[in-house]
Structures are given as structure tokens and as C-alpha cells.
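>>> dropping the sequence and predicted coords here.
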Amino acid sequence: MDLPISKPVIIALDGYSSCGKSTLAKQIARHLHFLFVDSGAMYRAATLYFIENNIDVAKDNEVNNALENIHITFKNIDGENTTFLNGRNVESEIRSLQVSGLVSEVSAISSVRKKMVELQRQMSSENGIVMDGRDIGTVVFPNADIKFFVTADPIVRAQRRYNELLSKNQKADLHEVISNLEHRDKIDTERADSPLRQADDAILLDNTHYDIDEQFSIVMDKIYKAIKGLS
């Protein structure tokens, strides 16, 4: 699509865990030829580093020292956005339940959020950026051109996450997945630093009853209208 505007467009997607934000963001980026940035993958990569290096998240000195040694990049491999931690492909490891169980605690640490936001703001593209996460439209890019806040029924979200884990041949228990999502929701919405919330100017998208194609069609219609308003 040739955009009728003279500057890169920033599209922000925030919302709860397992709402399909990353899948939607990838679709949008691919369709518009924008850069896709999975901010959640960045926090997951940091969490993986902490786990592998036995970092005590309650000790500020250990966390801060670890952050100095964390370098996260993305590469497009066979059309898929792939996360690299210190030059190593960790796309599979960061999706494990072990990482999922700790990522919200790690994400709540102010020094971690400061580091990730700094890295996110440094990412740029000639055309535009699609970034998904918890605080993209409220903190990282408060002046984003288009913002969405994605939600869905908690049980539906848990089933989607459970199915995703099984599709990747990872062991999963539905009750454990439900408990994990409830735990993450509580931390994400109640943390003191950049809690998950809907930006005042974000478009609410409840995708409980939408499939991937329906959701994409609805969102792209809103994006096209917003882009025309920017021209």
C-alpha cells in the first residue's frame, strides 16, 4: 500500500496476554511493509537471560549488571520475525511456560522497563513501525498515530495460549495456563511503573468472537481511515 503521507506512521497495539496482539501486529506490518517490533519478546528475552544466569530479580545490583550484558535484536528469517539474545536465536525458548511465569515480574522492574523503552524508541523505519506490548501507546509512543487496545475473554485467551503451546510441542496444562494468565494480568495492571491500561485515544478491540481474518479486516479498515485523516 502506498501511504498518502510524508512521514513514517507509528501504530501501537497494547493489551492483555494471549490476545493475539503479536499475530495481528505482524499481519499489519507485513501488509503495510512496516517494521514490526515485538516488545513482549524483548521482555521475554531479558527474562530468559535472568533465568539462565540465575539473576535474583529482587536484587537491584544483579538486575542492573545483567542489563548491561543484554543485547536484543530482531531478524527476518523465512518471513518470520525472530528474536535474538546476544546473537543467539531464542524465539522458541522465550515462549516457554517457565519464561511466561516470570516475565511479568521482570517487566515490572523499573530499570528493566527503562532499558527496554530506550531500545524500542531507537528502532526506526522509513515507512513506519507496528509495535505491540503493554505500554506502547501510553509510554513508549504516547504520540503514536494509531493506537489499539486489544482484549478478550480470559478463558478464550487461556485456550488460545494452551493451543499455541501444544502446536509447538510444548507440555501444557490448561489450568496452569489459566493461573499463569491471571497472575500476569494482576501484575501487568497493578504494577507501579507503566501499568497496562487503555490509552485515552486508543481504539478498543475485543476479539473474543473474531477469528484472525475478521480481526485483521476490522483493524485494517480503521487504519485506512486513520491514515486518510493524516494526509
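Yep, it's here.
>>> so Asp145 makes contact with Ile10?
Yes: using C-beta atoms under 8 Å, Asp145 is in contact with Ile10, at 5.4 Å. From N, CA and C alone the C-beta is placed, and that goes for glycine too.
>>> burial measure for Ser39, as a count.
26 (other C-beta atoms under 10 Å).
>>> mind listing what's buried along the helix ranked longest in the chain?
Scanning the chain for the longest helix, with DSSP state H as the assignment, gives helix 212-230. Residues of helix 212-230 classed as buried by neighbour count (16 or more other C-beta atoms under 10 Å): Gln215, Phe216, Val219, Met220, Ile223, Ile227.
>>> who does that helix touch, helix- and strand-wise?
On a contact count with 3 or more C-beta pairs under 8 Å, 6 or more residues apart in numbering; DSSP states H and E, helix 212-230 meets strand 9-15, helix 21-32, strand 146-151, strand 203-206.
>>> how about the ones you listed in CSV, adding mean pLDDT, mean neighbour count and distance to Ala45?
Listed next are the helices and strands packed on helix 212-230 as CSV, based on pLDDT from 0 to 100; neighbours: other C-beta atoms under 10 Å; distance: least, C-beta to C-beta, whole Å:
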stretch, mean pLDDT, mean neighbour count, distance to Ala45
strand 9-15, 95, 26, 19
helix 21-32, 92, 20, 14
strand 146-151, 97, 22, 22
strand 203-206, 97, 16, 26
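>>> send the alpha carbons of the helix or strand of the chain with the lowest mean pLDDT over as PDB?
Ranking every helix and strand in the chain by mean pLDDT, DSSP states H and E puts strand 72-77 at the bottom, with a mean of 86. Output of strand 72-77 as PDB, limited to C-alpha atoms (Å, rounded to 0.1, in the frame of the first residue of the first chain):
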ATOM      1  CA  ILE A  72      18.300  -7.900  21.800                       C
ATOM      2  CA  THR A  73      17.800  -7.700  18.100                       C
ATOM      3  CA  PHE A  74      15.300  -9.000  15.500                       C
ATOM      4  CA  LYS A  75      15.900 -10.700  12.200                       C
ATOM      5  CA  ASN A  76      13.500 -11.700   9.500                       C
ATOM      6  CA  ILE A  77      14.000 -15.400   8.900                       C
END
